[in-house]
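[1] Sharing a sequence plus its predicted fold:
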Amino acid sequence: MVTARGFTWQAASWGTVLTCDAFEGVAACAFTTRTLDVRPHNATPSDTWTQLAHHMGVAADRCVRLRQVHGVGILQLDKGRPLPSEPMPADVSITNRSDIALVVQAADCVPIVLADRRGRAVAVVHAGWRGTVANAAGRAVERLRESFAVDPVDIVAAIGPSIGRCCYEIGIEVQRAFESQDFPSDVVRQWLARDERGRLTLDLWQANADQLTIAGLHARNVHVARLCTASHLELFPSYRAEGERAGRFVGCVRLSPGAAARPTD
């Protein structure tokens with residue numbers, strides 16, 4: 001099994017999941033693999049989500065998915081309010097509840113999970129290149145601060161498996177989209193580069209990590225799995241490598257009920 005610094009492989013009822021060590025005692029988090037048969041939209045068997053919910057310690061109807069649209073819409077799930085009856089169009093969800101698990105699906109796009117180490121809230125982010133251009137990760141941090149009084153310095157983040165720069169060739173229109181945004185130009189130049197074959201490539205891992213630190217997180221609290229989905233097809237589906245037949249894996253998080261009692265650095 002491939003290794004990822006700061007992450008651990010754990011057994012689930014259906015196979016293996018990748019967890020981020022820094023979330024221990026704060027939130028349950030997991031990135032699944034091919035061993036959980038997740039498919040886009042309504043093609044997913046219902047028992048798949050039941051298995052995932054059970055692994056996360058919640059009821060089957062409390063595993064909250066999104067209808068991802070490659071944007072920056074945010075679904076906020078407050079205590080005491082009813083849950084949506086079907087996946088809502090959004091690419092970020094946040095909550096201060098510990099009785100639900102938040103889920104995003106990916107097959108090359110970046111799944112990000114966030115948790116406040118003082119136990120106030122958690123979030124998930126789905127960030128493809130469009131979501132990254134729009135600073136989805138930074139917007140999630142901003143909403144956690146505004147809605148739940150979460151200080152960004154108390155947030156721990158896990159950037160899960162996704163396509164790496166090694167396999168992510170892009171066109172000039174993507175480069176121009178990044179350059180048109182209000183990011184420091186010297187930082188953007190680190191995200192975009194020509195490889196040894198002259199291909200224009202994008203580093204989504206670094207881009208999202210930088211956006212999180214720009215939003216106020218300590219760099220030491222941003223953990224990147226650095227596992228390329230297109231390079232590890234034995235573990236993860238990849239839309240770039242497999243096209244329409246690619247399945248999906250998920251990133252999920254649940255706030256631990258006793259997280260607020262955990263001391264912070």
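    Noted; the coordinates are in hand.

[2] Check which residues of the helix ranked longest in the chain are buried.
    Ranked by residue count, the top helix of the chain under DSSP state H comes out as helix 136-148. Neighbour-count burial for helix 136-148 flags 136-145, 147-148 (criterion: 16 or more other C-beta atoms under 10 Å). C-beta: built from backbone N, CA, C; applies to glycine.

[3] ok, and the closest non-adjacent residue to residue 114?
    Leaving aside its sequence neighbours, residue 114 sits nearest to residue 123 (C-beta to C-beta, 6 or more residues apart in numbering; 4.3 Å).

[4] Remind me what the host helix or strand of residue 76 packs against, helices and strands.
    Using DSSP states H and E, residue 76 maps to strand 74-77. On a contact count with 3 or more C-beta pairs under 8 Å, 6 or more residues apart in numbering; DSSP states H and E, strand 74-77 meets strand 92-95, helix 136-148.

[5] Touching the following helix or strand past that strand from outside, list them.
    For strand 74-77, the succeeding helix or strand toward the C-terminus, using DSSP H and E, is strand 88-89. Defining contact as C-beta atoms under 8 Å, 6 or more residues apart in numbering, one finds that strand 88-89 is touched by 66-69, 71, 73, 75.

[6] What strands flank strand 88-89, and is each parallel or antiparallel?
    Partners of strand 88-89 in the sheet, by DSSP bridges, are strand 66-67 (parallel).

[7] that older thread, which of the helices and strands packed on strand 74-77 sits closest to residue 189?
    helix 136-148 (18.7 Å; C-beta to C-beta).

[8] and that closest one, what's its mean pLDDT?
    Averaging pLDDT along helix 136-148 yields 98.

[9] Show residues contacting that helix.
    Identification of contacts with helix 136-148 by C-beta under 8 Å, 6+ apart yields 71-72, 74, 76, 78, 91-92, 94, 96, 112, 114, 116, 120-121, 123, 125-127, 150-152, 155, 157, 208, 211-212, 214-217.

[10] For my notes, confirm residue 72 occurs in a strand.
    No. Under DSSP: H, G, I helix; E, B strand; the rest coil, residue 72 falls outside any strand and is assigned coil.

[11] from memory it sits against residue 125, does it?
    No. Contact between residue 72 and residue 125 fails when scored by C-beta atoms under 8 Å: they sit 9.1 Å apart.

[12] tell me, what's touching those two both at once?
    Shared contacts of residue 72 and residue 125, counting by C-beta under 8 Å, 6+ apart, come down to 91-92, 131, 136.

[13] and residue 108, which of the three is it?
    coil.

[14] need the contact list for it.
    Neighbour list for residue 108: 128, 162-163, 168, 229-230, 238-240 [criterion: C-beta under 8 Å, 6+ apart].

[15] if we can go back for a sec, report the strands that pair with the strand or helix carrying the residue nearest to residue 114, each with its relative direction.
    Using DSSP H and E, residue 123 falls within strand 122-127. Applying DSSP bridges, strand 122-127 is found paired with strand 92-95 (antiparallel), strand 110-116 (antiparallel).
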